[in-house]
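Q: can you look at this prediction? I've put the sequence above it.
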Amino acid sequence: MRQGGIVDPFSSASGSLTNGAISRPAIDWEQRYRRTVITSDTVATAFVVAAIGNFFGARDAANWHEKWGILAFGTELLVLGALAVSRSWSPAVLGQGAEEFRRLGRALFTATVVLALGGIALTSRNIKLWIFVAIPAIALVTMTARYLLRLRLHKQRKEGRCLRPVLAAGSPATVRDLINRTRKFPHLGWRVEAVCTTDGRGLDGDQGGLDGDQLDGVPVIGLLEDVAKHVRHDGYRVVAITPDPHWSPDRLQRLAWNLEGSDAEMVVAPVLMEVAGPRLHVDAVLGIPLLRVSMPTFTGGRRAIKGVVDRIGATILLMLFAPLMVFVALLVMVDSRGGAFYRQRRVGKNGREFTILKFRTMVAGAHGVRAELADHNEGAGLLFKLRRDPRVTRVGAVLRRYSLDELPQLFNVLTGSMSLVGPRPPLPEETAEYGPDIRRRLLVKPGLTGLWQISGRSDLAWEEAVRLDLRYVEDWSLALDTVILWKTLRAVIHGNGAY
């Protein structure tokens, strides 16, 4: 589809059903999206290099070719080469997750190191400009462009377009869970369009559809032994293997062999633990493929970097939001009797208590009447929440909706009791009821924002909130922190789940 003479990389749907077979436009949109990302990175890099070269090179026009032209061309070539070598344009990582930006950052860091070594070797006095100005500018422009492309892609996916058709194969219960997850999170790009089970039937109550057995509205098209046949006939892009006693190592290996030559990607769900991200590694030991799970990092160099980033980030944000915080403090005091700030004891890393700072959003003495509202609690699990809490002031309702009441917690980040990103800081009475598994939330500093913040906040079920916090503790990385901080802005603007 063309719009204004430009090919729209998002115009194709993920596939359509025709006589029981799925067409293949999914491959087309994937390739178009990949070409769009490559073009975006190339144009962004060329633009930054040209802008810097024109601005600084104009001052030394006589030696432009010698001093600037070679460095400009070399920088652009080096960046694009690093992007290609680091597989930053692989369709497997484009459009979702932190891995796309992790590879992009790794490529730009590699380009910076090579550029610095080359500059030292050539004794170029102008190399600092390209290292400390050009590369950071390229990173800013390319990451922003990729994020905007991703937003457009996710919007299309919510409309049912640009989705990969998935054939799910496993037990009905685990397949149903996969179907529900793909429907809840369409931005991930999967749509389960067919199911294979051990006996070719769905769960009780899902049978008897017009076209045979169904599982949550998805047709059950055959047995687990028929997966490869259906993939080759109907053109599914993903074969999702969910837990079932049928799947032995031999059968999985034969399925992988039978899928060779097709366009399908086989994805096997791990059944032992919920760990993802940089902690997972696949190793071959004595010819046996082993899934190696490295220990989570709670100390060391990366944690030290996180601490430095926390304090620098908190300092910058405090300076940036200082006028707004003064204005909010005045509004709080004018709106109701009492001070501008509210202090509360929370539990931090390793169970140590600290005093959290927030703008006051309730009337004075609100905590004393909490027991009277206990019967109306709408919070999940150990949380106490009311959608229409009578103790919340008019200004407080606005502050809570847009999370402005949490701005003073930047002082907690600055003093080291909190982090910019981490699990939700719990109350002492909550932690007193924690089991051993939930207490793992206390292995890291609580955060001003986190996975819970960008995933629904108070609308989340207790079990889901705990799962997200534990996932952060287990799979933490600097790239994940960056993605969470970026998505927090959108979550705050929308105000979903905040009350």
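A: Received it, and whenever you're ready, just let me know what you need.

Q: please enumerate the strands of the stretch 51-200 of the chain.
A: Secondary structure of the stretch 51-200 of the chain, counting by DSSP state E, counting those that start in this stretch: strands at 164-169, 190-197.

Q: what's the most buried one of those strands?
A: strand 164-169 (a mean of 27; mean count of other Cβ atoms under 10 Å). For every residue, glycine as well, the C-beta is placed using N, CA and C.

Q: coming back round to it: let me have the strands of the stretch 51-200 of the chain in CSV, adding distance to residue 307 and mean pLDDT as columns.
A: Below are the strands of the stretch 51-200 of the chain laid out as CSV (distance: least, Cβ to Cβ, whole Å; pLDDT from 0 to 100):
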stretch, distance to residue 307, mean pLDDT
strand 164-169, 39, 92
strand 190-197, 37, 92
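
Q: do you know which of these lies nearest residue 331?
A: Closest to residue 331 of the strands of the stretch 51-200 of the chain is strand 190-197 (Cβ to Cβ; 45.2 Å).

Q: can you name the residues in contact with that closest one?
A: 14-15, 17, 22, 160, 163-172, 175, 178-179, 182, 202, 215, 218-224, 226-227, 230, 234, 236, 238, 240, 244 (Cβ atoms under 8 Å, 6 or more residues apart in numbering).

Q: and for residue 324, the neighbour number?
A: The tally of other residues near residue 324 (other Cβ atoms under 10 Å) stands at 11.

Q: from what I can see it touches residue 408, true?
A: No - the pair residue 324 / residue 408 is not scored as a contact, 11.6 Å apart, by Cβ atoms under 8 Å.

Q: can you tell me the SS state at residue 448?
A: Classification of residue 448 using DSSP: H, G, I helix; E, B strand; the rest coil returns strand.

Q: now for it: which residues touch it?
A: 406, 409, 410, 412, 413, 418, 419, 420, 421, 422.

Q: closest to residue 137 among those residues?
A: Nearest to residue 137 among these, with distances taken as Cβ to Cβ, is residue 420, at 23.8 Å.

Q: okay, now the closest one: neighbour count?
A: 24.

Q: state the distance from residue 238 to residue 182.
A: 10 Å (Cβ to Cβ, to the nearest Å).

Q: now residue 97
A: 15 Å.

Q: so which of these two has more stuff around it?
A: residue 182 (20 against 16).

Q: the more buried one reaches residue 164, doesn't it?
A: No - using Cβ under 8 Å, residue 182 is not in contact with residue 164; the gap is 9.8 Å.

Q: if we can go back for a sec, out of the contacts of strand 190-197, which are inside helices?
A: Under the assignment DSSP state H, those contribute 172, 175, 178, 179, 182, 227, 230, 234 to helices.

Q: scan those residues and report the most crowded one.
A: residue 175 (27 neighbours).

Q: could I get the phi/psi values of residue 199?
A: Here the main-chain torsion angles of residue 199 (degrees, to the nearest 10) amount to phi -110, psi 10.

Q: mind listing what it touches?
A: Here residue 199 is in contact with residue 223 (Cβ under 8 Å, 6+ apart).

Q: mind checking how far it is from residue 242?
A: Taken as Cβ to Cβ, the span from residue 199 to residue 242 is 15 Å.

Q: again with residue 359
A: For residue 359 relative to residue 242 (Cβ to Cβ), the value is 46 Å.

Q: show the contacting residues for the closest residue in space to residue 114 that isn't next to it in sequence.
A: Nearest non-adjacent residue to residue 114, counting by Cβ to Cβ, 6 or more residues apart in numbering: residue 78, 6.0 Å away. Residues in contact with residue 78 (Cβ under 8 Å, 6+ apart) are 111, 114, 115.

Q: the first one touches residue 135, doesn't it?
A: Yes - using Cβ under 8 Å, residue 111 and residue 135 qualify as a contacting pair, with a distance of 6.4 Å.

Q: neighbour-wise, which of those two wins?
A: residue 111 (28 against 21).

Q: excluding its backbone neighbours, what's nearest the more buried one?
A: residue 82 (4.2 Å).

Q: next one: residue 177
A: Nearest to residue 177 is residue 242, by Cβ to Cβ, 6+ apart, at 7.6 Å.

Q: any idea how far the one you found is from residue 403?
A: Relative to residue 403, and taking Cβ to Cβ, residue 242 is found at 37 Å.

Q: the longest helix in this protein is where?
A: helix 301-335.

Q: list the buried ones in the helix or strand hosting residue 251?
A: If you go by DSSP states H and E, residue 251 is part of helix 249-258. Neighbour-count burial for helix 249-258 flags residue 255 (criterion: 16 or more other Cβ atoms under 10 Å).

Q: which helix or strand lies directly C-terminal to it?
A: strand 265-268.

Q: that following strand - what's its average pLDDT?
A: Regarding strand 265-268, the rounded mean pLDDT is 87.

Q: just the residues contacting that strand, thanks.
A: So strand 265-268 is contacted by 92, 237, 238, 239, 240, 241, 252, 255, 256, 259 (Cβ under 8 Å, 6+ apart).

Q: the last one contacts residue 239, doesn't it?
A: Yes - Residue 259 is within contact range of residue 239, at 6.6 Å (criterion: Cβ under 8 Å).

Q: which one of the two is surrounded by more residues?
A: Neighbour count, other Cβ under 10 Å: between residue 259 and residue 239, residue 239 has more, with 23 against 18.

Q: who's the more buried one bridged to?
A: residue 167, residue 266 (DSSP bridges).

Q: was I right to think it contacts residue 169?
A: Yes - using Cβ under 8 Å, residue 239 makes contact with residue 169 at a distance of 6.6 Å.

Q: identify the contacts common to those two.
A: What both residue 239 and residue 169 touch, as defined by Cβ under 8 Å, 6+ apart, is the set residue 227.

Q: for residue 305, see how far away the spatially most central residue of the chain is.
A: The chain has residue 97 as the residue nearest its centroid, 4.5 Å off, counting by Cα atoms, centre = their mean. According to Cβ to Cβ, residue 97 and residue 305 sit 21 Å apart.

Q: the host helix or strand of residue 28 - contacts with which helices or strands?
A: Element membership for residue 28 (DSSP H and E) is helix 25-57. Secondary-structure packing of helix 25-57 (3 or more Cβ pairs under 8 Å, 6 or more residues apart in numbering; DSSP states H and E): helix 70-85, helix 135-158, strand 164-169.

Q: so where is the protein shaky, pLDDT-wise?
A: 1-27, 56-69, 119-126, 204-212, 270-298, 365-387, 456-459, 494-499 (pLDDT under 70).

Q: give me the domain ranges for it.
A: 2-158, 164-271, 301-494 (automatic domain parsing).

Q: what sits up against the helix or strand hosting residue 395?
A: Counting by DSSP H and E, the element that carries residue 395 is helix 394-401. Under the criterion Cβ under 8 Å, 6+ apart, residues 328, 331-332, 335-336, 359-362, 392, 404-405, 495, 498-499 lie in contact with helix 394-401.
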